[in-house]
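Visitor: Quick one, fold the following:
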Amino acid sequence: MTDTATTPQAAVTHRRVLKIALPIVLSNATVPILGAVDVGVVGQMGEAAPIGAVGLGAIILSTVYWIFGFLRMGTVGLVGQAEGAGDKAEVSAWLTRALLVALAGGITLIILQPLIFWGALRLAPASDEVESLARTYLTIRIWTAPAAIAVYALTGWLVAMERTGGVFWVQLVMNGTNILLDLLFVLVFDWGVPGVAIATVIAELTGAALGLWFCRSAFRRPDWRDWPRIFDRAKLIRMALLNTDILLRSAMLMIIFSSFVFIGAKFGDVTLAANEVLVQFMYITAYAMDGFAFAAETLIARAIGRGDRAYVRRSAVLTSTWGLVICVTTAAAFALSGGWIIDLMAKDPEVQATARVFLPYMVLAPLVGCAAWMLDGIFIGATRSRDMRNMMALSFVIYWAAILVLLPLLGNHGLWLALLISFIARGVTLGLRYPALEASAEKT
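Guide: The predicted model follows:
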């Protein structure tokens, strides 16, 4: 792997888009494998409680760490724009700022862990045995919170520098290490739930260390520790505002998806299970789309940094073309093979039959959601976080209005329609703001 990033003047081509996107798509493929192994190894213990404890603990920490997901998105835009402008000093300085946020956030979580775990377990109560094992899992894993959060920042920097091959290796080594240590600690050493947690701790430390190594060029310049520059008030305010907007936007998006699950539960266990099976289709689409959304982030960021409107437009068109190809392909795959996938994921005949009834909505989801997903990447790269926040707020209101109108009339069909309407609303509202984004490149 070369340590030299593509120069800001390089042309935006299909080959360049694929070079950025494909490593992300491949690295995403390791994520569901890790989850399956985590559950599978504790399942070999022959008890239900360890499975529940690992699942519950993993969800709690994933949700808590997700709060810092803005570090990945914000870092891509800020670093990419600095690289596009040829400001090498800021390319290094932005990484340091992001890592300092990760360190402070991780230490805060460690200090507040009793309160966090108490609150989380009250929101998701389980049996005494499951809660006890989950607490053991959580109190081991929380100590690597700074490293786990730092991976967001490191990933964002690598994406901005078009070094997504590094992102692939970080994810592959981190998840591969986790899987191998899961097998060793649980199946060989018989450490049970603590073994799964320790395996993840070592994997997260390994991932952060490898990420730092891939980002080593940032530390070759003295600017990464130029503290007056690092703590420049204007830069810190810009970072804080950007990340706050992204956090608020992401929170509203999470509420939409969480409410979809909670509302679906009111229609009974079979419908809830069918909805959950179909939501996995959406994750498949998201994993495939991520690479091209990431490509949009870095190419748009560089275009904004250069102040090149034509470069912005070409970056948006080429990445969105590939995003559309992915969405059409997944929609066709779901239409042709959706029934087979459902049968593979669920063995209950009632769940299979119910999922087939609502499968058409999942065929439509990639098609109506494509614009929203790609525009998210475009706006992240342009650091137009205020537009993202405001358009998400408008889409949020439209979603709940659709719920109020359609749910009483159509039941679970209304729920699915409301979700698809929220996708359309995000795409349309962000699309209306795109001309202003493109025009802003000339003012940069």
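Visitor: So the closest residue in space to residue 49 that isn't next to it in sequence: helix, strand or coil?
Guide: Excluding the flanking residues, the one nearest residue 49 by CB to CB, 6 or more residues apart in numbering is residue 129, at 4.5 Å. Using the backbone N, CA and C atoms, a C-beta is placed for each residue, glycine as well. Under the three-state scheme (DSSP: H, G, I helix; E, B strand; the rest coil), residue 129 adopts helix.
Visitor: pLDDT wise, what is residue 129 at?
Guide: As predicted, residue 129 sits at a pLDDT of 86.
Visitor: in the stretch 251-400 of the chain, which spans are helices?
Guide: 269-306, 309-345, 349-381, 385-410 (DSSP state H, counting those that start in this stretch).
Visitor: before we move on, which element is the nearest residue to residue 394 once chain neighbours are set aside in?
Guide: Spatial nearest neighbour of residue 394, chain neighbours left out: residue 429 (5.4 Å); criterion: CB to CB, 6+ apart. Per DSSP states H and E, residue 429 falls inside helix 412-440.
Visitor: do the same with residue 72
Guide: Here residue 72 sits within helix 70-84, counting by DSSP H and E.
Visitor: and the angle from that helix to helix 349-381?
Guide: 40 degrees (axes from the mean of the first three to the mean of the last three CA atoms, to 10 degrees).
Visitor: chain center to helix 70-84: distance?
Guide: Centroid displacement of helix 70-84 relative to its chain, using CA atoms, centre = their mean, to the nearest Å, is 15 Å.
Visitor: do stretch 139-158 as well
Guide: 14 Å.
Visitor: now swap in stretch 15-35 and tell me
Guide: Stretch 15-35 sits 12 Å away from the centroid of its parent chain (CA atoms, centre = their mean).
Visitor: I'd like to know the average pLDDT value across it.
Guide: The average pLDDT within stretch 15-35 is 85.
Visitor: Can you report how many residues neighbour residue 63?
Guide: Residue 63 has 14 neighbouring residues, counting by other CB atoms under 10 Å.
Visitor: same question but for residue 116, I mixed them up
Guide: 18.
Visitor: Just say helix, strand or coil for it.
Guide: helix.
Visitor: who touches it in this structure?
Guide: Neighbour list for residue 116: 64, 109 [criterion: CB atoms under 8 Å, 6 or more residues apart in numbering].
Visitor: now swap in residue 140 and tell me
Guide: 194, 197, 198, 201.
Visitor: Most neighbours among those residues, which one is it?
Guide: Ranking the contacts of residue 140 using other CB under 10 Å puts residue 197 first, with 27 neighbours.
Visitor: okay, that one: pLDDT?
Guide: 94.
Visitor: Report the buried residues of the helix or strand containing it.
Guide: Element membership for residue 197, per DSSP H and E: helix 192-214. Residues of helix 192-214 classed as buried by neighbour count (16 or more other CB atoms under 10 Å): 192-193, 195-208, 210-212, 214.
Visitor: Does the helix holding residue 72 pack against any helices or strands, and if so which?
Guide: The contact analysis (3 or more CB pairs under 8 Å, 6 or more residues apart in numbering; DSSP states H and E) places helix 70-84 against helix 88-111, helix 145-160, helix 233-265, helix 269-306, helix 349-381.
Visitor: Can you tell me which of those is most buried?
Guide: Ranked by mean neighbour count under mean count of other CB atoms under 10 Å, the helices and strands packed on helix 70-84 are led by helix 145-160, which reaches a mean of 27.
Visitor: export the helix or strand following it as CSV, just CAs?
Guide: Sequence-wise, the next helix or strand downstream of helix 145-160 (DSSP H and E) is helix 164-182. Output of helix 164-182 as CSV, limited to C-alpha atoms (Å, rounded to 0.1, in the frame of the first residue of the first chain):
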residue,chain,number,x,y,z
THR,A,164,-9.7,3.4,2.2
GLY,A,165,-7.4,0.4,1.8
GLY,A,166,-6.2,1.3,5.3
VAL,A,167,-9.8,1.3,6.5
PHE,A,168,-10.2,-2.1,5.1
TRP,A,169,-7.2,-3.5,6.8
VAL,A,170,-8.1,-1.9,10.2
GLN,A,171,-11.5,-3.5,10.0
LEU,A,172,-10.3,-6.8,8.8
VAL,A,173,-7.5,-7.1,11.4
MET,A,174,-9.7,-5.8,14.2
ASN,A,175,-12.6,-8.1,13.4
GLY,A,176,-10.4,-11.0,12.5
THR,A,177,-8.5,-10.7,15.8
ASN,A,178,-11.8,-10.5,17.7
ILE,A,179,-13.1,-13.7,16.0
LEU,A,180,-9.9,-15.7,16.6
LEU,A,181,-9.7,-14.6,20.2
ASP,A,182,-13.4,-15.3,20.7
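Visitor: Give me the angle between helix 164-182 and helix 269-306.
Guide: If you take the same axes, to 10 degrees, helix 164-182 sits at 140 degrees to helix 269-306.
Visitor: Show residues contacting helix 164-182.
Guide: 1, 19-24, 26-28, 30-31, 33-34, 37-38, 41, 151, 154-155, 158-159, 195-196, 198-200, 202-204, 206-207, 210-211, 214-215, 291, 294.
Visitor: Run the chain-centre distance for that helix.
Guide: Chain-centre distance of helix 164-182: 16 Å, with CA atoms, centre = their mean.
Visitor: And for residue 165, the neighbour number?
Guide: A count of neighbours around residue 165, defined by other CB under 10 Å, yields 19.
Visitor: what about it, distance to residue 381?
Guide: 19 Å (CB to CB, to the nearest Å).
Visitor: Cool, thanks, signing off.
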